[in-house]
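[1] curious how this folds, go ahead:
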Amino acid sequence: MSTTVEPLPQLSDLLKVRTLEVRGAQGPLAARLYTSGEAGVKRDTLTVFFHAGGFNSGDLDDADIFLRHMADDTPDSAVLATAYTLATVQPFPAAVEDAHAVLTWAKKNKTKLGWTGKRLIVAGIEAGANLAAVCALMSRDRGGPALAGQILVMPMLDPGLSTWSMREMQNAPELLDVADACAAAYRGYLPNAADRTHPYASPLQSSRLKNLPPALILSAEDDPLRDEAEQYGAKLIACGVKTTVNRMPAASLSEAGARNECACKCYALGEIASFIAGLERSETPPAA
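    All right, here's what the predicted structure looks like:
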């Protein structure tokens, strides 16, 4: 059953959203920069966010309300939401190469983003969370950009669709559309079956998960992606990565596009704000 959640608070008058263009591996990409709080002050933290849509669809509008609240909840940081090449245009690895290229672009364009360059976080929902997780692997493997954290909200991490929470959809007809959408998404994104075990496509299958940035992983009670999110968290912990895994209360996910709505709840926003604040505190030297 769905859980009633409290409404989102009113947004601050200090919230600003700016449209800009970033550079991906394939070329220019549309992006939005979200900031709140005092104007003209450089932020120490930048969170780069990738949207949902099962790799084959989605755009910057999908999580716009979520990101407005996320920026408003973390006024000392900025949020950069970016598009990426959809699988309908070019399949794997185009999207992940775009995602990593945006991180590199952000490090080179700190002034344009009003960012000091001190702390870079990667985040995403669903397919975007897959890209965020893969960016952490790629940044480690390629020597940067260094990441301070990764935020994975209901991530798609298992192209094999092999977890119990995915298989049990057979007993929940109202959620079959979600499971079917996941299968269709991977068919579009990974047309070459051999790619389905590549760690940059399926982080859950990776045997090299050490030396990754701290992670916040949010699953959802009724989401078929729940088990793969929590299994990935367990693997990160086993590899010595500081990881927080929290299961959000049940929410209606009967439509494939409802993941953004689920993520746009006070629970998730509160967890994300606490995670970012914790990263900032951990780097602050004690008072003399």
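
[2] neighbouring contacts of stretch 16-32?
    33-36, 39, 59-60, 64, 67-68, 80-85, 90, 94, 97-102, 105-106, 109, 112 (CB atoms under 8 Å, 6 or more residues apart in numbering). In this view, the C-beta of every residue, glycine as well, is placed from N, C-alpha and C.

[3] tell me how far the host helix or strand of Ala132 is from the chain's mean position?
    Take DSSP states H and E as the rule and Ala132 turns out to sit in helix 127-141. Mean C-alpha position of helix 127-141 versus that of the full chain (CA atoms, centre = their mean, to the nearest Å) differs by 9 Å.

[4] helix or strand for Ala30, just tell me which one.
    Using DSSP H and E, Ala30 falls in strand 28-35.

[5] where does pLDDT dip in the stretch 101-250 of the chain?
    For the stretch 101-250 of the chain, the stretches with pLDDT under 70 are 162-176.

[6] quick one, strands of it?
    115-125, 149-153, 215-220, 243-248 (DSSP state E, counting those that start in this stretch).

[7] need the three-state assignment for Val22.
    strand (DSSP: H, G, I helix; E, B strand; the rest coil).

[8] what pLDDT does it get?
    Here, the pLDDT recorded for Val22 equals 98.

[9] how much space between it and Asp177?
    33 Å (CB to CB, to the nearest Å).

[10] more crowded one of the two?
    Val22 (24 against 15; other CB atoms under 10 Å).

[11] what's the neighbour count on the closest residue to that one other than its chain neighbours?
    Leaving aside its sequence neighbours, Val22 sits nearest to Ala31 (CB to CB, 6 or more residues apart in numbering; 4.5 Å). Applying other CB under 10 Å, we find 23 residues neighbouring Ala31.
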